[in-house]
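Peer 1: Return atomic coordinates for the entry below.
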Amino acid sequence: MKKLSIILFISFLVSTIFSLNIVCTINPYYLLVKELVADKAEVSLLLKPGVNPHIYSLKVSDVKLLNSADLIIANGYLEPYLDKFNNNNVFYISNSIPKILIEHENPHFWLDPFFVKYYIIPAIVQKLSDLDPANKNFFEENAKNIINEIDKFIFESFDVLRNINGKILVHHPSFYYYFKEFGIEIYWIEEGHNTSTSIKELLNIIKSQNIAAIFSEIQQPNKEIEIISKELGKKYFVLDPLGVDSKTFMELYYKNLNEIRKAVSNE
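Peer 2: Numbers count the residues shown, from 1 in each chain. Here you go, the predicted model:
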């Protein structure tokens, strides 16, 4: 019995010492990777979900965290600060997305459930399996479970978004790919992604268009959206692309879908 206890302790110690140390730059991938690896790796988050990744710069503590990582999972287009780190340790999600599908250099790939299902999850699982082949089947099984949940989310999104009759106005085009997948056109205010529109121009456009819903974002200033909302007499709603309070990846998805549902039903 004592010998068995020693063996089990040694096995636990070995698995702890040799488990992967993964750092994800933004919260959506942190949530996703945690579900994929469970207790088979240590996963840390670089940027808190309330931080705007477009304007972030590294702190000394961040550099220490990144230097300790066996694998850094980054989005791409958002992390110029990673150029100084070992490229072999950095895995860019953007490299898994076919270039023909990337528009306006828009980096918000994780908000498109089709991107996640067909490109992002398979790419992450392959990378994890390359680094830890002993747990390949474990990662693949967890991936299947998440993809099943994504399929359900896609059907529910169709059910909600088919009720949208018109176009969407947003401050920042985080959900550009998501809305496009369901055939919905959006306008956005913020400069960047090779497109910008002034409030005056937007108001002129809006007056000639059918705007079905208006959205701001938790991580973005909402001054312009408030002005437009007041001018149109139309309530705006707040989306959260990074999942400030989300405990799982799918919770991030559903919280935003519920906010979209409110906007569509004018709650």
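Peer 1: Which positions in stretch 238-253 come out as buried?
Peer 2: Applying a neighbour-count criterion of 16 or more other C-beta atoms under 10 Å, the buried positions in stretch 238-253 are 239-243, 246, 249-250, 252-253. The C-beta positions use only the backbone N, C-alpha and C, and glycine is treated the same way.
Peer 1: Can you tell me the element F91 falls in?
Peer 2: Under the criterion of DSSP states H and E, F91 resides in strand 90-92.
Peer 1: Show residues contacting that strand.
Peer 2: Contacts with strand 90-92, where a contact means C-beta atoms under 8 Å, 6 or more residues apart in numbering, come from 71-76, 82, 123-124, 127.
Peer 1: repeat that with 6 Å
Peer 2: Where contact means C-beta atoms under 6 Å, 6 or more residues apart in numbering, the residues beyond strand 90-92 that reach it are 72-74, 76, 82, 127.
Peer 1: Can you pull out the residues in contact with the lengthiest strand in the chain?
Peer 2: Across the chain, the longest stretch assigned as strand under DSSP state E is strand 211-217. Judged by C-beta under 6 Å, 6+ apart, the contacts made with strand 211-217 from elsewhere in the structure are 164-172, 222, 225, 229, 234, 236-239, 263.
Peer 1: tilt between the helix or strand just after that strand and strand 211-217?
Peer 2: In the C-terminal direction, the helix or strand that comes right after strand 211-217 (DSSP H and E) is helix 223-232. Note on geometry: by axes from the mean of the first three to the mean of the last three C-alpha atoms, to 10 degrees, helix 223-232 and strand 211-217 are set 150 degrees apart in direction.
Peer 1: separation between the residue nearest to N67 when sequence neighbours are not counted and N210?
Peer 2: Computed as C-beta to C-beta, 6 or more residues apart in numbering, the closest residue to N67 that is not its neighbour in sequence is F85, at 7.6 Å. When distance is defined by C-beta to C-beta, to the nearest Å, F85 is 47 Å away from N210.
Peer 1: got it, and I147?
Peer 2: 35 Å.
Peer 1: if you count what's nearby, which of those two comes out ahead?
Peer 2: A direct count of neighbours by other C-beta atoms under 10 Å for I147 and N210 places I147 higher, at 15 against 8.
Peer 1: shouldn't V170 be in contact with W188?
Peer 2: Yes: contact criterion C-beta atoms under 6 Å: V170 and W188 qualify, at 5.0 Å.
Peer 1: Please, where are all the helices along the stretch 51-200 of the chain?
Peer 2: Read by DSSP state H, counting those that start in this stretch, the stretch 51-200 of the chain holds these helices, from start to end of the chain: 60-67, 113-115, 121-131, 136-161, 176-181, 199-207.
Peer 1: Give me whichever of those is most buried.
Peer 2: The highest mean neighbour count among these belongs to helix 176-181 (a mean of 21), with neighbours defined as mean count of other C-beta atoms under 10 Å.
Peer 1: Check what contacts that helix and list those residues.
Peer 2: Applying C-beta under 6 Å, 6+ apart, the set of residues contacting helix 176-181 from outside is 106, 111-112, 114, 168, 186.
Peer 1: Could you identify the most distant pair in those?
Peer 2: Every pair in the contacts of helix 176-181 was compared (C-beta to C-beta); the two farthest apart turn out to be F114 and I168, at 18.2 Å.
Peer 1: per-residue confidence for P221?
Peer 2: As summarised for this prediction, P221 has a pLDDT of 80.
Peer 1: Skipping adjacent residues, who's closest to it in space?
Peer 2: Using C-beta to C-beta, 6+ apart and skipping the chain neighbours, the partner closest in space to P221 is H171 (7.7 Å).
Peer 1: From Y254, how far out is that neighbour?
Peer 2: Spatial separation of H171 from Y254 under the definition C-beta to C-beta is 22 Å.
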